[in-house]
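**Q** Quick one, structure for this:
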Amino acid sequence: MRRITVDETGASTNMPLERWNPGTDHRRKTWQWALALSSLGLALSACSLHITKHGITGNVFGHKFSGATGVLPAGFPSSVPVPDNSRVLVGGGTNNQWDVAFAVTGSLSSGTAAYEAKFRSAGYTVTNIETGSTPATAATGSGSNSTSTTVTLTGSVFTATDAQWTVQVESGSTTSSTGGTLKAGEFAINITVVPTSSTTSST
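**A** Numbering: from 1, shown residues only. As a prediction, this is how the structure comes out:
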């Protein structure tokens, strides 16, 4: 099983769904944005930046960017649906592209299906639908204190496209704790939004 991702250059790549770890990837993206927000706030505070309670926006070296925790990043397109029963964990955008992580209340299968339906209702074409589960080893601690546990990763991906935007959606959960990022009864959805004109076909 494979998933389609669109990188920052607009190129599409294939990745085996079995290698996708929804809990780890989700936390990694969340922490990357949180660290990026902190770093930018400190290192670039003298540049053209606007810092608020929830995030930062600005223009650095001719590139517009925004990042936020708890709210959608500035400039996020209003025509892109967001999941029902969700809260924004973290998100960011630059040069008309966005990546946002949501925590969604409910079951993974019904919540993902509802999100697909929401895109269709908004006029998007939904393609590349894939689902799967795979066992993975999760390690905690380090050195002689390191322990490992086998967890089951369950995920789903799909692509939603209209004339203006292409949205890659990844939803997932694990059978173990996600380190406090998600609350009980929540699963993760991460979306990447790029202009449809910048995407290319992949086989």
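
**Q** my guess is P135 contacts T150, does it?
**A** Yes. If you go by CB atoms under 8 Å, P135 and T150 touch, sitting 5.4 Å apart. C-beta: built from backbone N, CA, C; applies to glycine.

**Q** How about the contacts made by P81?
**A** Residues near P81 by CB atoms under 8 Å, 6 or more residues apart in numbering: 115, 118-119, 122, 124.

**Q** Need the three-state assignment for it.
**A** When classified by DSSP: H, G, I helix; E, B strand; the rest coil, P81 comes out as coil.

**Q** measure the closest residue to it other than its chain neighbours to S146 for me?
**A** Closest residue to P81 apart from its sequence neighbours, by CB to CB, 6 or more residues apart in numbering: K118 at 4.5 Å. Using CB to CB, to the nearest Å, we find K118 at a distance of 42 Å from S146.

**Q** try I191
**A** From I191 to S146 the distance is 33 Å (CB to CB).

**Q** Between the two, which is the more surrounded one?
**A** The residue with more neighbours, out of I191 and S146, is I191; 22 against 9, by other CB atoms under 10 Å.

**Q** Parallel or antiparallel, which strands does the strand or helix carrying S171 pair with?
**A** Here S171 sits within strand 165-174, counting by DSSP states H and E. Pairing partners of strand 165-174, with direction, according to DSSP bridges: strand 147-161 (antiparallel), strand 186-195 (antiparallel).

**Q** hey, which helix or strand in the protein has the poorest pLDDT?
**A** Counting by mean pLDDT, DSSP states H and E, the chain has its least confident helix or strand at strand 2-6, which shows a mean of 38.

**Q** Near the residue nearest to P81, how many other residues are there?
**A** Number of residues near K118 (other CB under 10 Å) recorded here: 16.
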